[in-house]
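> Structure for the following, please:
(2 chains)
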Protein chains: 2
Amino acid sequence: MSVGHPLVSELGEQALIHRITARLAAPAWVVVGPGDDAAVIVPERGLLQVLTTDAIVDGVHVDSRIMPADAIGYRAIAVNLSDLAAMGAAPRALLLSLALPGTLEVPALDAMLDGMIDVATAHHAAIIGGNITRTPGPLQIHVTAVGSIRRRRVLTRRGARPGDDVYVTGVLGRAAAGLRLLQATPAPGLAPTRDFSPSERRYLYPEPRLKAGRQLSLNGVATSCMDLSDGLADGVRQIAAASGVGMILDGASLPCDPEARAWPSPEVPLDLVLSGGDDYELLFTARPKSSGRLRHVRKRLGDLPITRIGRVTRDRGLLLVDEHGTHELPAGYEHFR
Amino acid sequence: MSVGHPLVSELGEQALIHRITARLAAPAWVVVGPGDDAAVIVPERGLLQVLTTDAIVDGVHVDSRIMPADAIGYRAIAVNLSDLAAMGAAPRALLLSLALPGTLEVPALDAMLDGMIDVATAHHAAIIGGNITRTPGPLQIHVTAVGSIRRRRVLTRRGARPGDDVYVTGVLGRAAAGLRLLQATPAPGLAPTRDFSPSERRYLYPEPRLKAGRQLSLNGVATSCMDLSDGLADGVRQIAAASGVGMILDGASLPCDPEARAWPSPEVPLDLVLSGGDDYELLFTARPKSSGRLRHVRKRLGDLPITRIGRVTRDRGLLLVDEHGTHELPAGYEHFR
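Just a heads-up that it's a prediction; the model follows:
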């Protein structure tokens, strides 16, 4: 960190709140915006509402010693939008709950806001309210995202059925490879001093797959869906458990990022692909007879690959078949151990 | 803390999530409850939606060394419901975002949930989703509360007009006096070993004034309203600033808690009443001609006092008149200094 920047502890709560709210624009459906006891909005008529909350903690989900501040703000919003994407929802509103260490520099806070506003604006989500507090611990950003969806279009983790195909968007392991690159090179800290490689950018600025989630939902393609925050193996486990099914994955078909393939652990082939987190791609299942509708979705999504990686089974096992044989799937990343 | 209890770090994320969600009941308007990527609800038809987020951080807003765990959980929810009360809204849904130190004992987590579920249930709010993460820092509980209200019944901080009367519900300073009592006696820690006095209970289990907020809203009494989290002086300052007015308070009329009156600082008379936080009473303004409707509200609220404490002025000053003369109002509690 550079020396001489003002700290958030020197600004005071009211000035901090003003600094943030002054940058927010309120759409017409916001009746009361930031600055009152609560925000008031007009819900979208005839639609269901989708609500999710997710947090990032410095030292757990992000590392401010090796990440630019705008990437931290970006990620806090993006991971929540990714949860909306996994439900097939269209984003609408965001609430921020910031816990800031008093030693955070004001320019770093401003850059975090840059990242938040960038990704929120890109996906048509308005920041309608929030809270700010100091913390004696590390920086935390808790976000609640609100979206909307038609009743019959909701995607959950529960609908996978034996015989369904298993698909994933994008490529896997790229974010995990990017994180390892970031960790291997000198730390830029909150104020970055170098350009980032494509995989580093993928880790720093994950793209919430909102368009893909919408298309899978609107076209009635997916029988189940979730976003991959903690690796493919975790996602497969979650959908299988929620749906009461098993899955068998074809290792050769996995859309591995080339950089991720270069980092296999000796024990687990495809380590970063299966267990590396932070890809935020969508994992979903679809009936084989939906292939026509899936083609339509593929066309709408342009460059984004959608790859068939396996099959849903009645047997509850979770298996990976590769050139060495059939393996049980390794566990995903476990936040609490 | 006692020895030998399991720690949340030993349980693992999935077991923790299950431990929490197993205790939650979903009303019929919850289409997708906890456990998926997001919750899905049916919004209330024809009503506006009120959304707020607030957090408690151990060591800043609460002190786990002197508070029982259920009071920490209770407070995290209550402060959010209090924000809904200040808008005149009826509570509906809650989302929890927990950041837990790995060393937190599982019985303490269970007790926190007891407190959360107690106050949520008492006020007809359903916990529909959440997130859980570990933190290397102190415990944090971030909550988002969702309520509903009719468009013409929204209470904000902006509507105070010169000539309005200023009112407050309940008594002031009791929570601050209770906190000082708690701090003065040996620490029970997260597992309490003694009974609490009325003022201690007031600090530990603040009552969100939802019924009062609803009545003030439904009867069109309040021209402005907010809840007192950071003391009366702060509240007066906030409403005055948002409404572009001043206020003059009558010190003799302030509904001081007797215990709070016993703790005046030498410089500031009524210190705990004006600057002591955590009362979570409602501060509101009303036109003098609304006195009939206010009488009706008073009847509906039974034992809860509603006291006229001052007047809104065109002059932007914030003044307190007492037997020693006219003083400028001291500042409220400032979280960031």
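> what's the span of stretch A:182-196, first residue to last?
Start to finish, the residues bounding stretch A:182-196 are 9 Å apart (CA to CA, to the nearest Å).
> low pLDDT regions in the stretch 151-300 of chain A?
A:186-193, A:262-269 (pLDDT under 70).
> Enumerate the residues of it near chain B.
For the stretch 151-300 of chain A, the residues found near chain B under the criterion CB under 8 Å from any CB of the partner chain are A:151, A:154, A:156-158, A:225-227, A:242. Any C-beta I mention is one placed from the backbone N, CA and C, and that applies to glycine too.
> mind redoing it with 7 Å?
Residues of the stretch 151-300 of chain A lying close to chain B by CB under 7 Å from any CB of the partner chain are A:154, A:156-157, A:226-227.
> Select from the residues you listed the one having the most neighbours.
Comparing these on neighbour count, A:Asp227 comes out first with 27 neighbours (neighbours: other CB atoms under 10 Å in any protein chain shown).
> Test my guess that that one contacts B:Asp37.
Yes: the pair A:Asp227 / B:Asp37 is scored as a contact, 6.2 Å apart, by CB atoms under 7 Å.
> Need the overlap of contacts for the two.
Contact criterion CB atoms under 7 Å, 6 or more residues apart in numbering or on different chains; residues shared by A:Asp227 and B:Asp37: A:83, A:86.
> number of nearby residues for A:Asn219?
Around A:Asn219 there are 18 residues (other CB under 10 Å).
> now A:Ala85
34.
> Look at it and tell me its secondary structure.
Classification of A:Ala85 by DSSP: H, G, I helix; E, B strand; the rest coil places it in helix.
> what helix or strand is the spatially closest residue to it that is not a sequence neighbour on?
Using CB to CB, 6 or more residues apart in numbering or on different chains and skipping the chain neighbours, the partner closest in space to A:Ala85 is A:Gly213 (3.5 Å). Taking DSSP states H and E as the definition, A:Gly213 sits inside helix A:210-218.
> Run through who's touching that helix.
By CB under 7 Å, 6+ apart, the surrounding residues in contact with helix A:210-218 are A:81, A:84-86, A:88, A:90-91, A:123, A:149, A:153, A:155, A:169, A:222, A:225, A:282, A:284, A:297, A:300-301, A:304.
> from those, which would you call buried?
The neighbour count (16 or more other CB atoms under 10 Å in any protein chain shown) marks A:81, A:84-86, A:88, A:90-91, A:123, A:149, A:153, A:155, A:169, A:222, A:225, A:282, A:284, A:297, A:301, A:304 as buried among the contacts of helix A:210-218.
> Let's see which of the residues you listed end up in helices.
Mapping the buried ones among the contacts of helix A:210-218 onto helices (DSSP state H) picks out A:81, A:84-86, A:297, A:301.
> which residues does the spatially most central residue of chain A contact?
The structure's chain A has its C-alpha centroid closest to A:Val79; by CA atoms, centre = their mean the separation is 3.1 Å. Contacts here follow CB under 7 Å, 6+ apart; on that basis A:Val79 touches A:54, A:56, A:229, A:280.
> tell me the phi and psi of the closest residue to the last one other than its chain neighbours?
Read it as A:Tyr280. With CB to CB, 6+ apart as the measure, A:Pro206 is the residue that lies nearest to A:Tyr280, at 4.1 Å, once sequence neighbours are left out. The phi and psi values for A:Pro206, taken as degrees, to the nearest 10, are phi -60, psi 140.
> ditto for A:Glu200
Torsion angles at A:Glu200 (phi, psi; degrees, to the nearest 10) stand at phi -60, psi -40.
> show me what contacts it?
A:Glu200 makes contact with A:178, A:181-182, according to CB under 7 Å, 6+ apart.
> follow-up on the earlier one: the residue nearest to A:Tyr280 reaches A:Ala175, doesn't it?
Yes: judged on CB under 7 Å, A:Pro206 makes contact with A:Ala175 at a distance of 6.3 Å.
> How many residues are close by A:Ala122?
A:Ala122, neighbours per other CB under 10 Å, totals 15.
> confidence score at it?
We note a pLDDT of 97 for A:Ala122 in this prediction.
> measure it to chain B for me?
For A:Ala122, the distance to chain B equals 20 Å [CB to the nearest CB, to the nearest Å].
> same question, A:Ile141
In terms of CB to the nearest CB, A:Ile141 sits 10 Å off from chain B.
> for that residue, which residues make a bridge with it?
Residues in a beta bridge with A:Ile141, per DSSP bridges, are A:Ile56, A:Leu98.
> backbone phi and psi for the residue of chain A at minimum distance from chain B, please?
Residue of chain A nearest chain B, by CB to the nearest CB: A:Gly137 (1.7 Å). For A:Gly137, the backbone dihedrals (degrees, to the nearest 10) come out as phi -100, psi -160.
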